[in-house]
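Colleague: all I have is the shape, not the residue letters:
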């Protein structure tokens, strides 16, 4: 970091505030993927102790935004293509299953809330508004899984939330994703959910997270079939 990029902490709860300052800088691109975080430099810039910075960085590690190499230091994660694909599939499987279970529970107020999130996404300017875009994205997808009424599924889904920031950063860095692209991506997903057709919704979720190649269509169809088979049994199990 050659110049000041971090918001000064407010001292409400110092560790959390330093964490939020670093998180914002990482997600907005002020601290780039692959850049090293130097505790002493950050502590001096924010006028806090190195212990406070160290604790804040540990929180960033739990969110998979940074990685610590004992010999080289702590660096902002640069998500590899393989890691991005792995995360995308994990998120898609959990979210599409939760959506399959809860699709019939969607009401007009749910769709209005989703449309409001789309409108808020459209007001974001990337990359500087990425932290806000990320919060809106998580809220949008949270509405897709909530109607499953399954605490375990929601917990599994939420456990991947911390890595979504790194996925967004990769999309901006490698796919030049911009606000209209992201809004249209979510609009397509919303339209699929509105169809009330489980197979349409499942495919939309898969394609939202993973660009399915032509030769991967059979695998996607097999996954969709599995989800449709399991969902009725799952509903019976949780309602007993």
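Modeller: Thanks, I have it. What you see is a predicted model; the values in this text were computed from it and never measured. Numbering: from 1, shown residues only.
Colleague: now do the helices in this structure.
Modeller: 14-27, 39-46, 50-62, 81-102, 108-121, 130-146, 151-158, 161-175, 179-194, 198-209, 217-239 (DSSP state H).
Colleague: give the other helices and strands that the second one contacts.
Modeller: Going back to what we said before, that points to helix 39-46. helix 14-27, helix 50-62 (3 or more CB pairs under 8 Å, 6 or more residues apart in numbering; DSSP states H and E). Any C-beta I mention is one placed from the backbone N, CA and C, and that applies to glycine too.
Colleague: tilt between it and helix 14-27?
Modeller: Orientation check (axes from the mean of the first three to the mean of the last three CA atoms, to 10 degrees): helix 39-46 against helix 14-27 gives 100 degrees.
Colleague: count the neighbours of residue 111 for me.
Modeller: If you count neighbours by other CB atoms under 10 Å, residue 111 ends up with 14.
Colleague: so who does residue 172 touch?
Modeller: 29, 126, 127, 130, 178 (CB atoms under 8 Å, 6 or more residues apart in numbering).
Colleague: one more pass at 6 Å, please.
Modeller: residue 127 (CB atoms under 6 Å, 6 or more residues apart in numbering).
Colleague: try residue 160
Modeller: So residue 160 contacts residue 91 (CB under 6 Å, 6+ apart).
Colleague: the same query, at a cut-off of 10 Å, please.
Modeller: 64, 87, 88, 90, 91, 94, 95, 167 (CB atoms under 10 Å, 6 or more residues apart in numbering).
Colleague: separation between the nearest residue to residue 194 once chain neighbours are set aside and residue 137?
Modeller: Distance criterion CB to CB, 6 or more residues apart in numbering; nearest residue to residue 194, sequence neighbours excluded, is residue 111 at 6.3 Å. Distance of residue 111 to residue 137, given as CB to CB, to the nearest Å: 17 Å.
Colleague: report the residue spans of this structure with pLDDT below the cut-off.
Modeller: Confidence mapping of the chain against pLDDT under 70 gives the ranges 1-5, 7-12, 212-240.
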